[in-house]
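Peer 1: model this:
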Amino acid sequence: MNGWIALGLLSILTLLVLVLCVRSSKGLWQVAAATVLLGMTGYALQGRPSLPPAPAQPLEASAAGATQLVEIRADMDQSFGSAKRWLVTADSFAKQGDYPLSASYIQSGLRADPQNADLWSALGLQLMLASEGQMSPPAQLAFDKARAIRPKYPAPYYFAGLARLFAGDLDGAIVLWEKTISLATPNAKWKPRIESQLQAAKALQAQAQQSK
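Peer 2: Predicted structure coming up:
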């Protein structure tokens with residue numbers, strides 16, 4: 001627990017410094033803040049405090065960051081069968097940084113199974129990654145399709161919130177991540193990671209309001 005407390009405090013302080021010191025640089029603090037929050041996900045996935053520290057990198061420069069997002073999406077998948085034969089290969093392309101090829105492979109799966117929400121959500125994520133974290137119209141369309149097929153599917157809300165964070169809309173990100181958590185099943189593997197990110201985002205929001 002002490003490690004998690006230290007991580008949370010360090011993340012909050014880092015995010016506060018970003019808001020106060022580099023807010024004037026267009027897009028810079030939003031990307032850096034998202035990287036900090038994604039770093040918390042990485043710690044939750046593979047935390048090994050005995051290893052020496054390494055400098056953080058922005059999402060678009062970090063294969064590890066993209067890999068974490070792919071793994072979060074995989075944890076949220078709910079079609080435990082038909083989508084897997086497409087997503088295993090598509091995810092391997094994504095982890096190598098080839099997001100267009102991953103998206104193309106998922107589209108092949110959608111031609112065979114057009115009502116599969118997991119495939120639509122995976123397509124939305126790959127299109128987001130290809131756009132360096134931005135919610136492009138095609139990515140939005142893919143997530144909307146996933147949500148229409150399965151209204152209580154958490155993945156579209158989580159990634160839409162991440163895109164809001166990258167766009168500088170912290171309040172919007174928090175609303176969407178709260179919705180994501182509300183859709184978690186009791187034993188959802190991904191829930192603790194998203195809760196950690198949500199808590200850090202709320203702390204940043206509170207600090208930003210106090211500094212006004």
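
Peer 1: where does this structure have low pLDDT?
Peer 2: Within the chain, the segments meeting pLDDT under 70 span 1-64, 79-80, 211-212.

Peer 1: let's see it at 90
Peer 2: 1-88, 91-99, 128-136, 160-171, 173, 185-190, 192-212 (pLDDT under 90).

Peer 1: need the helices for it, in chain order.
Peer 2: 2-22, 28-46, 63-76, 84-95, 99-112, 117-130, 137-149, 155-166, 170-182, 191-210 (DSSP state H).

Peer 1: Any idea how many residues pack against the closest residue to V175 other than its chain neighbours?
Peer 2: Nearest-residue entry for V175: G161, 7.6 Å, with adjacent residues in sequence omitted and distances by Cβ to Cβ, 6 or more residues apart in numbering. Any C-beta I mention is one placed from the backbone N, CA and C, and that applies to glycine too. Residues within reach of G161, counting by other Cβ atoms under 10 Å, total 25.

Peer 1: Tell me the spacing between G161 and G109.
Peer 2: Distance, G161 to G109, by Cβ to Cβ, to the nearest Å: 25 Å.

Peer 1: What of G172?
Peer 2: As for G172, its distance to G109 is 30 Å (criterion: Cβ to Cβ).

Peer 1: For the two, indicate the residue with more neighbours.
Peer 2: Taking neighbours as other Cβ under 10 Å, G172 and G109 compare with G109 leading, 23 against 15.

Peer 1: looking at it, that one is touching W120, isn't it?
Peer 2: No. G109 is not in contact with W120 according to Cβ atoms under 8 Å; the separation is 9.9 Å.

Peer 1: Contacts only, for the closest residue to A146 other than its chain neighbours.
Peer 2: With sequence-adjacent residues excluded and distances taken as Cβ to Cβ, 6+ apart, A146 is closest to W120, at 3.8 Å. Shown in contact with W120 (Cβ atoms under 8 Å, 6 or more residues apart in numbering): 110, 142-143, 145-146, 149.

Peer 1: same thing but at 10 Å, please
Peer 2: 83, 106, 109-110, 113-114, 141-150, 153, 155-156 (Cβ atoms under 10 Å, 6 or more residues apart in numbering).

Peer 1: Surely L176 and R147 touch.
Peer 2: No. Assessed by Cβ atoms under 10 Å, L176 is found out of contact with R147, at 11.5 Å.

Peer 1: Which neighbours do the two have in common?
Peer 2: What both L176 and R147 touch, as defined by Cβ under 10 Å, 6+ apart, is the set 156-157, 160.

Peer 1: With distance to R73 added, can I get those residues in CSV?
Peer 2: Putting the shared contacts of L176 and R147 into CSV (distance: Cβ to Cβ, whole Å) gives the following:
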residue, distance to R73
P156, 10
Y157, 12
A160, 13
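
Peer 1: who touches D77 in this structure?
Peer 2: Neighbours of D77 in contact, by Cβ under 10 Å, 6+ apart: 83-84, 87, 116-119, 121-122, 153, 155.
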